[in-house]
Every structure is written in C-alpha cells, then in structure tokens.
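Asks: build me a model from this:
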Amino acid sequence: MVSFQARLKLGAIFSALLLVSGLMFNHAAFADEANVPWAQLNDGQRQILNPLASEWDTLRPWQREKMLDIARDYPKMSSKKQELVQKRLSNWSRMTPYERENARKSHQQFQSLSTDKKNELRQKWLEYQKLPESERAKLRADSPDTYRDADLN
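Replies: Next comes the predicted model:
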C-alpha cells in the first residue's frame, strides 16, 4: 500500500508535469501563431495590422509575435492609444531597414538611461512639440543630427 506522503509526492510530481506540459503546449501554439501568413490572419488582425500587410510575410517570427500581441491588446486600448498605435505602425511601415535599425538602437539607448535623464528628455521633447512648425524646421536644419528622427514620433 502507498503511504500518504508518497501519494503527496506523486501528486506534486504529476501537477508539475501537467504545468510544464501546458507551458510547452502554449509556447508551441504561440510559436506556430507567429508563423501564420498574412492571408491566414483573421479580419480583425488584418485591419489593425494593415500598415504591415505588404511586408508581413517577410517579418521574423519575433516581430510577428510582437505585432500579434499589439493586435490582441488593441480592442482594450483607448481610442487615443489606438490612434497612436496606428500612427506608429504607419510610420514604421514607411521606414527603410536602415532607419528601423537606427530606431531600434535609439530605443535601446533611451531604455538604458536613468529615470531622471528619461524624464528630462521627455520634457525637452514636449517643449519641442509645442514650438511652431517654422521653429522646429529651423532647429532641424541647424542641427540635423540632433533632430534626425523628429518627424517620426
């Protein structure tokens, strides 16, 4: 006869196996989802991700995963956030691979900054956005390296 402690251990092992197999199954399903061609996305996903339609089938799996995450969360977003997502997807779709790589690097550099420095840069960005377009154009012309991505927000 199996002791109570042995049954507890077996139960714990069985529960752990179920958890691990469930995680593996969910990960496999998620990985397969990232390999779905554009034509197999549902109507809602295609509508949200439409700016990427022409290049969807050439995106890497991790890029598709990220975009599918955005599409999944999109209905829960406020209309203002949805507009921002659409604007950013459109801007991203118009960028060259070189511009995208620079954007990734800039994002990584920004993320590595201290919280104080990030807040300082955000404040400067807000001040820049409040300027009339003529002044922004002058700043971009005078300092092209500093303001190179100013139109991509």
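Asks: which element is the residue nearest the centre of the chain on?
Replies: The residue lying closest to the centre of the chain (C-alpha atoms, centre = their mean) is K66, at 4.9 Å. Here K66 sits within helix 61-73, counting by DSSP states H and E.
Asks: same check, this time on K87
Replies: Per DSSP H and E: helix 79-94 holds K87.
Asks: quick check: which ranges of the chain have low pLDDT?
Replies: 1-33, 146-153 (pLDDT under 70).
Asks: can you list the domains in it?
Replies: 1-33, 37-94 (automatic domain parsing).
Asks: circling back: what's next to the helix holding K87, contact-wise?
Replies: Helix 79-94 has contacts (C-beta atoms under 8 Å, 6 or more residues apart in numbering) with I48, L49, P51, L52, S54, E55, I70, Y74, M77, R100, A103, L152. In short, each C-beta sits where N, CA and C put it, glycine included.
Asks: great, nothing more from me.
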